[in-house]
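Undergrad: Sequence plus the predicted model coming up.
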Amino acid sequence: MIFRFSDVRYRDIIEIDELTINKGVTILLGPSGGGKTTLLRMLNKMISPTKGQIFFMGESLAKIESVQLRRKVMMLSQNPVVFPGTVRDNLAIAFEFQDKIKPDDDALDDMLSRIQLNKKLDDGVINLSGGEKQRLALGRLLLLEPEVYLFDEPSSSLDDDTEDLIIRMLSMHVEKQGQSIVMVTHSKRIAEKYADVILEISEGKVLRSVKNERDN
Ligand SMILES: Nc1ncnc2c1ncn2[C@@H]1O[C@H](COP(=O)(O)OP(=O)(O)O)[C@@H](O)[C@H]1O
Ligand SMILES: [Mg+2]
């Protein structure tokens, strides 16, 4: 079990009495305004419940320092920050703030192919499209190897084929590394193809939690 919700409210937006999220790929589906982003933001303490508790690996989020938590639970934002400089700078920048060893160019090149980014490490990032910037931020995240990835409609700016390749790569990666994904998508097709569990979220509640047999 990765996360457990106990009697959680967020203002009048979220109302979840009991919910467990297990290791693997969990996908949130549901209508716009249903509370999916709000739920995701609670998982890495961008916001905190106004009532009740969320536990991460058995420990209350209220007791875990945000910085500490976000080394293990990382969110890919919908409008990721891209720093002035090269593709290389952008992939490796997070390592300036961590005690981990900086990946070499071979590892960075390998990451570019995994995120389907057809650029050179020395290329500038100014002219990247929205989708390219998002994949670059994804590559940055993958290099850091968190325990849990939070994705909020990561593929909204990708074409269908690239979307499929990326989500496939991600689901294989986390399975191999024993990590987890909690992801919001509007794509029922993606959910049925890659989720271990599908949560249907509407009006701030979990309407249904369905174990999914992947069909890929
Ligand atoms: N900070 C906030 N303050 C007040 N209302 C908010 C805030 N964030 C989101 N909401 C509202 O909460 C509801 C759920 O929003 P959201 O979690 O973004 O839904 P979804 O991601 O499923 O589209 C919406 O009605 C939205 O307008
Ligand atoms: Mg949303």
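TA: On my side now, so go ahead. Ligands and ions are numbered 1, 2, ... in the order given.

Undergrad: Now for the closest residue to residue 178 other than its chain neighbours, how many residues are close by?
TA: The shortest distance from residue 178 to any residue other than its chain neighbours is 7.2 Å, reached at residue 23 (C-beta to C-beta, 6 or more residues apart in numbering). In short, each C-beta sits where N, CA and C put it, glycine included. Under the neighbour criterion other C-beta atoms under 10 Å, residue 23 is assigned a count of 16.

Undergrad: Could you pull up the contacting residues of residue 23?
TA: 1-2, 178, 180 (C-beta atoms under 8 Å, 6 or more residues apart in numbering).

Undergrad: same check, this time on residue 101
TA: So residue 101 contacts residue 95 (C-beta under 8 Å, 6+ apart).

Undergrad: Which helix or strand contains the residue sitting furthest away from the middle of the chain?
TA: Relative to the centre of the chain, the most outlying C-alpha is that of residue 122, 26.8 Å out, by C-alpha atoms, centre = their mean. Per DSSP states H and E: residue 122 is located in neither a helix nor a strand.

Undergrad: Mind listing what's buried along whichever helix or strand residue 206 is part of?
TA: Element membership of residue 206 [criterion: DSSP H and E] is strand 205-211. Buried residues in strand 205-211, counted by 16 or more other C-beta atoms under 10 Å: 205-206.

Undergrad: Then stretch 118-136?
TA: Of the residues in stretch 118-136, those buried (16+ other C-beta under 10 Å) are 119, 121, 125, 128, 131-136.

Undergrad: so which of the contacts of residue 23 are also by ligand 1?
TA: Among those, no residue lies close to ligand 1 (C-beta under 6 Å from any ligand atom).

Undergrad: Columns distance to residue 27 on top of those residues, output as a markdown table?
TA: Listed next are those as a markdown table, based on distance: C-beta to C-beta, whole Å:
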| residue | distance to residue 27 |
| --- | --- |
| 1 | 17 |
| 2 | 14 |
| 178 | 19 |
| 180 | 12 |
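
Undergrad: So in that sheet, which strands flank the strand holding residue 206, and in what orientation?
TA: Using DSSP bridges, strand 205-211 pairs in its sheet with strand 197-202 (antiparallel).

Undergrad: got the contact list for the strand it pairs with?
TA: 19, 21-22, 24-31, 34-36, 39, 191-192, 206-212.
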